[in-house]
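Engineer: structure of the sequence below:
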Amino acid sequence: MIELSEALTILATSPVAKDREAISRLEKVAEEDIKTIVQRLANQSLLVESVQFDSIEQSRKLVKGLIVATGLMCGGILCLITIWFKPSAAIAVAPIGFITGAAQSIALANEARKSNKIE
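Structural biologist: Below is the predicted model of the structure:
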């Protein structure tokens, strides 16, 4: 698949009169020459790639935070329930709740990742 900037360059150097007319209309509407338009497209694609990279890193940090938060929440809830029924075992049960909550949120994150790849 050819990129837009390459296609515009091919049309600009084409011997076909209709191609040159299309490029001249594009230059007239944009009020720039074709080289400036192609350069601007290249700059915009670099900007989009950098923004996408940042968002991937941010989403990874968010997922890690959610995994830890879910683990802490499940550990706390299990600890409170255990204190209600058997207070002496509450400290031993808290890590089990943390691991269970974290594992569940990891499973949900993996499932969401798979569904996003399919679409």
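
Engineer: the top helix by length along the chain: what's the following helix or strand?
Structural biologist: As assigned by DSSP state H, the longest helix anywhere in the chain is helix 34-85. Sequence-wise, the next helix or strand downstream of helix 34-85 (DSSP states H and E) is helix 90-118.

Engineer: if you count neighbours, what's buried in that next one?
Structural biologist: 90, 93-94, 97-98, 101-102, 105-106, 109 (16 or more other Cβ atoms under 10 Å). (Glycine included, C-beta is placed from N, CA and C.)

Engineer: between those residues, which sits nearest residue 15?
Structural biologist: Checking the buried residues of helix 90-118 against residue 15 with Cβ to Cβ, the nearest one is residue 109 at 54.7 Å.

Engineer: ok, the closest one - contacts?
Structural biologist: With contact taken as Cβ atoms under 8 Å, 6 or more residues apart in numbering, residue 109 is in contact with 63, 66-67.

Engineer: could you turn the buried ones of these into a ChimeraX selection?
Structural biologist: To isolate the buried members of the contacts of residue 109 in ChimeraX, using 16+ other Cβ under 10 Å:
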select :63,67
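
Engineer: make CSV out of the contacts of residue 109 and add pLDDT and distance to residue 115.
Structural biologist: Converted to CSV, the contacts of residue 109 look like this (pLDDT from 0 to 100; distance: Cβ to Cβ, whole Å):
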residue, pLDDT, distance to residue 115
63, 79, 14
66, 82, 17
67, 82, 18
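
Engineer: and the gap between the closest residue to residue 96 other than its chain neighbours and residue 97?
Structural biologist: Take residue 96 and drop its neighbours on the chain: the residue closest to it by Cβ to Cβ, 6 or more residues apart in numbering is residue 78, 6.8 Å away. Using Cβ to Cβ, to the nearest Å, one obtains 3 Å as the distance from residue 78 to residue 97.
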